[in-house]
Each structure stands twice: as structure tokens, then as C-alpha cells.
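Undergrad: give me coordinates for this.
(4 chains)
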2 protein chains.
Amino acid sequence: MSREFRRAMPLLPISMVMQLTELTARQIRYYEEHKLIEPARSEGNRRMFSLDDVDALLEIRELLDQGINMAGIKKVFDMRKNNNVKSSNKLSISDAELRAILREEMQQAQIMQKASLRQGDLSRFFQVKGE
Amino acid sequence: MSREFRRAMPLLPISMVMQLTELTARQIRYYEEHKLIEPARSEGNRRMFSLDDVDALLEIRELLDQGINMAGIKKVFDMRKNNNVKSSNKLSISDAELRAILREEMQQAQIMQKASLRQGDLSRFFQVKGE
DNA sequence: TTCATATGTTATTTTTTCTAACATAGTATT
DNA sequence: AATACTATGTTAGAAAAAATAACATATGAA
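TA: Predicted coordinates:
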């Protein structure tokens, strides 16, 4: 519950999302225009993205690679959403599920790592801090 | 390892950190000036903060509340750093530790939730999405 | 060919962030 | 009390990031 909250929290500016996803601002805005994502807005009207948004964008990229168009991707997303609604009738999580969640988390972390390596760009943001 | 990576990844602009920590930009920059945090910089010289930075800032706030000054906080942080170096000689994590990590994660999530509730401000970023 | 889709490019405006300087309330020191 | 220091506020001006909107275009479908 709190984990989902955090993943849904809109924290990232578009510049970061561009780097994490290797998409241009134009592309990201275009996908929003087509309702594939709906990033939040700051007071000053800046788009603020969540990790969920980043996930979605990464998937959009893949699906586009597979030749699927906006409408198709929208369909895919909608189907998944329905699925989640149906299967989210569990109130507490078991011990085993705990592990599953952790596994999923690590996967997510991997995705980000990959993103940064793929473009070899994020490294610029890591300064060498003394000790 | 990948979890740590993600928590150390500088993704957030100062505006978001201000909201998460309830600190002013002036305060955040001042703490940086005193080396309590060392946020990364974007190409355009923007400060980019990691979740670790947010953690640190939340703690700085607490310590200041307790009447501790910059030098004192620096000391506290340095001590902890040394401790971590000494105790980080484990290469793989046990089953039990897995739980500990998860617990810590949830705590972190809670902090963020608290931050948003305390200021009742982040809610503005959550749009009501259909469904 | 003509049309539609996904994306590039450019111009203009607004918002955000930066640095730097000066101001000040509260503490501590002399 | 007078002075100095600390943490923070405030302001100004410059630079960077991001928004919208319009027009351009390559590719593939009809």
C-alpha cells in the first residue's frame, strides 16, 4: 500500500524521464496527448512524473518497437487495468507475496540501471564525493 | 545493491524536495553549503536530489529541532558513515535481512506519506484519473 | 497519389532555479 | 549591554528548463 503510494508519487521532471526512458520530450507529450500516460502537474503547470509513468513509457517504447500504434497500446493498457481491478481483492499480503513484491522491486531497480547504462548518460549526475 | 543504487539516484528537483521535507530552498542550499548533503548537478547546474538526500534532510530537520547545530549534525553524519563502512562487510543477504530491508523500505514510504499529509500539499499533484 | 501517424524543429512565453548580496532574529560571548 | 555568530529570510538578476503551438516531414496504408 505505501509502496504503491510511493511508486505513484509524481516527483520527476520531464528531463529526468527523458533520460530514464530515452524518449524525447515531444514523444512523451505526444503519448500524454493520446492518454497513454497522465502525468501530474505542478503549480506552475510543469509535468511531474511518477515511477509508474516511467514504467509505462518504457513499455510504450517496446510496444511501438513491435509495430503497435497508439490505439493498440491504449488497448493493451486498458486491458491490464481491468485485470488489476479484478485481481486486487486481497486485503493483506502473505509471507510469500512479500518476497514477490521485493523481487518486483529489484526488477524495477534493474530497469532503471539498464536505462542509465544503455544511454551511458546518467553517470554524469554522479559526482565523485570524497569518501 | 540495486536498491541502494536506486535510492542514490539523483532524480528530484529542489521544488519536490522542498515539499517532501518542508524546508525552504534557502535552508536546503545552506545545508549543502555546510556539506551535510551533496546533491548532484544536472548539465544546466540544477541540483538533483536522491531519496537518500531527502532522508538526510529530514534528519537534519529533526536534529535542528533538538538544538543541534551544523557542526553537530555533521559529526553525527560522519559517525554514522564510519559505522556503515565498518559493518558493510557482508556480501550476500540472509533471509532475515531481506525482511529487514523490506521493513526499512516501508518506513521510508511512510515518511513520505507523512510529509505529504503534514503539509497537506502533495495532494494537489494527484489528479483524479478516470477509473 | 493522398492521407494519417509519429516525430522533428522552431519560436515564444512562463516557470524554475541559480548565485550573490544584504537583512535580521535569536544565541552566545565578551 | 554590546558584539559577533548562526540560521534563515528576502530580493535582484541571469540562466536553464519546460510549456504551448505551429509548421515540417518520413513512413506506411489506403
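Undergrad: and the strand or helix carrying A:Glu4, what does it pack against?
TA: Using DSSP states H and E, A:Glu4 sits within helix A:2-8. Counting contacts by 3 or more C-beta pairs under 8 Å, 6 or more residues apart in numbering or on different chains; DSSP states H and E, helix A:2-8 is packed against helix A:51-65, helix B:95-119. From N, CA and C alone the C-beta is placed, and that goes for glycine too.
Undergrad: and the helix or strand hosting A:Asn84 with helix A:51-65, angle?
TA: For A:Asn84, the element it lies in under DSSP H and E is helix A:70-87. Put simply, helix A:70-87 runs at 130 degrees to helix A:51-65, going by axes from the mean of the first three to the mean of the last three C-alpha atoms, to 10 degrees.
Undergrad: residues making contact with helix A:70-87?
TA: Residues outside helix A:70-87 that contact it (C-beta atoms under 8 Å, 6 or more residues apart in numbering or on different chains) are A:31, A:34-36, A:56, A:60, A:63-64, A:68, B:131.
Undergrad: how about a cut-off of 6 Å?
TA: Helix A:70-87 is contacted from outside by A:34, A:36, A:60, A:63, using C-beta atoms under 6 Å, 6 or more residues apart in numbering or on different chains.
Undergrad: nearest residue to the first one in space, please, no chain neighbours.
TA: Using C-beta to C-beta, 6 or more residues apart in numbering or on different chains and skipping residues adjacent in sequence, the residue nearest A:His34 is A:Met70, 4.5 Å away.
Undergrad: toward the C-terminus, what is the element adjacent to the helix holding A:Glu4?
TA: With DSSP H and E, the next secondary element past helix A:2-8 is helix A:14-21.
Undergrad: and that following helix, what's buried?
TA: Within helix A:14-21, the residues scored as buried using 16 or more other C-beta atoms under 10 Å in any protein chain shown are A:14-21.
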